[in-house]
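Participant: Coordinates only, no sequence provided:
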Ligand code: SF4
């Protein structure tokens, strides 16, 4: 599989990883602050309280550092280390809100951070997935991919699409059909969660905006979700599009790992 612009992806990943490092530094500073209270003759906290806070912060920091280095090591080696996954799965959802807050403080656009996180997540998922079954792969599409003037209700069932070719839904359904995977068109997080409950997928490929993708990926942990950011030439949530090459490439990450005993439907 040919990777498109690996250097660009590396730069994108650095935004999230850099901010994560900044979060650790801040937590380290807070821990040091409480530690200093221990040695100060007069404090607002009792000595016992400051000691307890310091110990708790040190434990948290230790876990966070393990999670961070597990992530960096996995990304650098480009392979999964089962013993390290647990730390990453715990640390990423806990620290993501802090990463966004620090990014906001530094005036870094939220969708840039979310985009970077999606890149990091996609590479981590790529290292982990194995032995998938076709009918346990779910492709989630946002309803805004459908042409606004189309009257067919494809969120109820994607088979309602008449494949007229006026929007990309037809082409994507053809692709999903040829691969034998499940597709659901959803209007938001609630329907996406319902689709996950319905299909019990082993893996999900989701197309959405940065915000919905990053929250969906975090909500679904540890279910492997690969994200493809949509294109919004007409503004948000209106006649959006997806880069088909990128979607094909992302789907191939899972379809390459198909269990040889699984058959196309
Ligand atoms: S391909 Fe045609 S029928 Fe299908 S969703 Fe798009 S506009 Fe509607």
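Facilitator: Arrived safely, thanks for sending. Everything numeric here is computed off the predicted structure, so don't read it as measured data. Numbering: from 1, shown residues only.
Participant: can you map out the helices along the stretch 151-265 of the chain?
Facilitator: Under the criterion DSSP state H, counting those that start in this stretch, helices of the stretch 151-265 of the chain are mapped to 169-179, 189-199, 210-220, 244-255.
Participant: and if you look at the stretch 1-150 of the chain?
Facilitator: Using DSSP H, counting those that start in this stretch, the helices assigned to the stretch 1-150 of the chain run over residues 6-39, 47-77, 82-105, 110-128.
Participant: Please identify the deepest-packed of those.
Facilitator: helix 110-128 (a mean of 21; mean count of other CB atoms under 10 Å). Every residue, glycine included, has its C-beta placed from N, CA and C.
Participant: Can you tell me which of the helices of the stretch 151-265 of the chain is nearest to the ligand?
Facilitator: For these, proximity to the ligand was assessed by CB to the nearest ligand atom; helix 169-179 is nearest, at 3.7 Å.
Participant: That closest one vs the ligand: in contact?
Facilitator: Yes: part of helix 169-179 sits near the ligand under the criterion CB under 6 Å from any ligand atom, namely 169-170.
Participant: Contacts for that helix next, please.
Facilitator: 134, 137, 139, 141, 145-147, 154, 158, 161, 163-165, 182-183, 185, 242, 244, 247-248, 251, 255, 264 (CB atoms under 8 Å, 6 or more residues apart in numbering).
Participant: go with 10 Å
Facilitator: For helix 169-179, contacts defined as CB atoms under 10 Å, 6 or more residues apart in numbering pick out 134, 137-139, 141, 143, 145-147, 150, 152, 154, 158-159, 161-165, 168, 181-183, 185, 205, 207, 242, 244, 247-248, 251-252, 254-255, 258, 264-265.
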